[in-house]
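Colleague: any chance you could fold what I've pasted below:
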Amino acid sequence: MHGRREHADRGDQYARPHAKPHARPHARPRAATVAALASTAGPMDAQADTQGPPLDYFLHAGGPAAQPSMHLGWALAALSMAVIAIVTLLLVMAIARRRRLQAGESLVQGEARALRWVYAGTGVSCVFLMAALAYTLVTLDSVAAPPRAPALTLTVTAYDWWWKVEYSDADDGPAFVTANEIHIPVGEPVKIVLKSADVIHAFWVPQLAGKTQTIPGQINEQWVQADAAGIYRGQCSQFCGAQHAHMAFEVVAQDRARFDAWRRDQAQPATPVSTDAMASRGEQLFQVRCAGCHAVRGTDAHGAQAPDLTHLDARRLIAAGALTNTPEHQLDWVRHAQRIKPDSLMPSIALTTSETAALSAYLATLH
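Modeller: Residues are numbered from 1 along each chain as shown. Alright, predicted model coming up:
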């Protein structure tokens, strides 16, 4: 399997014109990680070194579903700035050139004369508003459906506060479940079926498409297409509770060959733990402490309330984008989840030094 090496192949960066690569933090050896965590009473400053997207990543379109929306946004922003400038100029002129009533002119007559400016301004505003409405409707129609049949259909279900991603075998590819990371082939439209398991969320990948809500009991659809390989930041954009800000995901666009290879690897069950005694003990600990919520295909862990961890070590981020995926952050998340992401369903689990070492050894096999 590709495991962690895959990240070097696909380019560890958020896709945007002239973007500089974001180097992935170097993971320390597992033994050093266990020693460091065993000697700390509280969580490490795990979020401080998470490589996030540039602040203006949402200003750059990376596909045909986002390009028209970006142009519309800039056009409406320019129109708004023009209106502000004109109104401000007229207000300053009115203050500086205050008109006095002429001899014998009543106040009512003076106001009637001034109303001509109001009528003219209202008429011009209506024209521009109708033009903006027409442009918006044309844009919505242009992005409503992909230009050709989607090459791939997948289902994304929003939970508090993470994303379940399901690949089906309807398109002649293997079926499997992953979390918080969506892989798609470059240059091909992808249909995404959106659901919610609890409250209203909103699926948004600014560089690839507009926002679409996920509503309990309702199925919505979105389509995306990436024109260039890279990592595209996604985020829940509908306030959904205490950890709304930490409900991110990534869309990884790859050429077709690498995507197919990734999909084949992801469809495989977890590598059996046999010769490594420490990893075997960690697997037993996982079955007792974690399997009620998490699933690892190929084992007796069949939990469905939390992310599938079959290939955990192959992901770039964990905890729905809250932490980079390193050995120390994995264990930090297990031990201090409620400090890192308060109110999430993931409890903070107390582990002894030996249990920490065993669990770390087992998680290292999930690549």
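
Colleague: ok, which stretches of the stretch 101-250 of the chain are strands?
Modeller: Using DSSP state E, counting those that start in this stretch, the strands of the stretch 101-250 of the chain run over 152-159, 162-167, 176-179, 181-185, 190-196, 201-204, 212-214, 220-224, 230-236, 248-254.

Colleague: so who does Tyr362 touch?
Modeller: Going by CB atoms under 8 Å, 6 or more residues apart in numbering, Tyr362 touches 273, 279-283, 285-286. Heads up, the C-betas are built off the backbone N, CA and C, glycines and all.

Colleague: nearest residue to it other than its sequence neighbours?
Modeller: Nearest residue to Tyr362 in three dimensions, chain neighbours excluded: Gly282, at 2.9 Å (CB to CB, 6 or more residues apart in numbering).

Colleague: tell me which element the one you found is part of?
Modeller: Gly282 is part of helix 277-289, with elements assigned from DSSP states H and E.

Colleague: thought Ala170 was touching Thr153?
Modeller: Yes - counting by CB atoms under 8 Å, Ala170 touches Thr153, with 6.2 Å between them.

Colleague: more crowded one of the two?
Modeller: Set Ala170 next to Thr153 and count neighbours by other CB atoms under 10 Å: Thr153 wins out with 16 against 10.

Colleague: so who does the closest residue to that one other than its chain neighbours touch?
Modeller: Excluding its sequence neighbours, the residue lying closest to Thr153 (CB to CB, 6+ apart) is Lys191, at 4.4 Å. Residues near Lys191 by CB under 8 Å, 6+ apart: 146, 150, 152-154, 221-223.

Colleague: try Ile215
Modeller: Ile215 touches 196, 200, counting by CB under 8 Å, 6+ apart.

Colleague: from Ile182, how far out is it?
Modeller: Ile215 sits 20 Å away from Ile182, going by CB to CB, to the nearest Å.

Colleague: tell me where the stretch 251-367 of the chain has strands.
Modeller: Ranges of strands within the stretch 251-367 of the chain are 317-318, 323-324, based on DSSP E, counting those that start in this stretch.

Colleague: okay if I get these as JSON lines plus mean pLDDT and distance to Gly62?
Modeller: Output for these, formatted as JSON lines (pLDDT from 0 to 100; distance: least, CB to CB, whole Å):
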{"stretch": "strand 317-318", "mean pLDDT": "94", "distance to Gly62": "19"}
{"stretch": "strand 323-324", "mean pLDDT": "92", "distance to Gly62": "22"}
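
Colleague: just send those strands back as JSON lines, with distance to Arg297 and mean neighbour count too.
Modeller: JSON lines is the format used below for these (distance: least, CB to CB, whole Å; neighbours: other CB atoms under 10 Å):
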{"stretch": "strand 317-318", "distance to Arg297": "18", "mean neighbour count": "22"}
{"stretch": "strand 323-324", "distance to Arg297": "23", "mean neighbour count": "22"}
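
Colleague: and these as JSON lines, adding distance to Arg116?
Modeller: Converted to JSON lines, these look like this (distance: least, CB to CB, whole Å):
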{"stretch": "strand 317-318", "distance to Arg116": "60"}
{"stretch": "strand 323-324", "distance to Arg116": "63"}
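
Colleague: and Ala261, which of those strands is closest to it?
Modeller: For Ala261, the closest of the strands of the stretch 251-367 of the chain is strand 317-318, at 20.8 Å, according to CB to CB.

Colleague: tell me the buried residues in the helix holding Gly282?
Modeller: Buried residues in helix 277-289, counting neighbours by 16 or more other CB atoms under 10 Å, are found at 278-283, 285-286, 289.

Colleague: outside of that helix, which residues touch it?
Modeller: By CB under 8 Å, 6+ apart, the surrounding residues in contact with helix 277-289 are 273-274, 294, 296, 299-301, 349, 355, 357-365.

Colleague: buried ones among these?
Modeller: 273, 294, 296, 299, 301, 349, 355, 357-365.

Colleague: related to what we said a few turns ago, of the buried residues of helix 277-289, closest to Ala78?
Modeller: Within the buried residues of helix 277-289, distances to Ala78 taken as CB to CB reach their minimum at Phe286, with 55.1 Å.

Colleague: okay, the closest one: pLDDT?
Modeller: Here the pLDDT value assigned to Phe286 is 92.

Colleague: which one of the strands of the stretch 251-367 of the chain lies nearest to Tyr159?
Modeller: Minimum separation from Tyr159 across the strands of the stretch 251-367 of the chain (CB to CB) falls at strand 317-318, 14.9 Å.

Colleague: what ranges does the protein have for its helices?
Modeller: 5-10, 30-38, 67-96, 107-142, 256-267, 277-289, 327-340, 353-363 (DSSP state H).

Colleague: want to throw these into CSV with distance to His60?
Modeller: Putting the helices of the chain into CSV (distance: least, CB to CB, whole Å) gives the following:
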stretch, distance to His60
helix 5-10, 19
helix 30-38, 36
helix 67-96, 8
helix 107-142, 17
helix 256-267, 22
helix 277-289, 41
helix 327-340, 28
helix 353-363, 35
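
Colleague: which entry within the buried ones among the contacts of helix 277-289 corresponds to the minimum pLDDT?
Modeller: Lowest pLDDT among these: Val273, 83.
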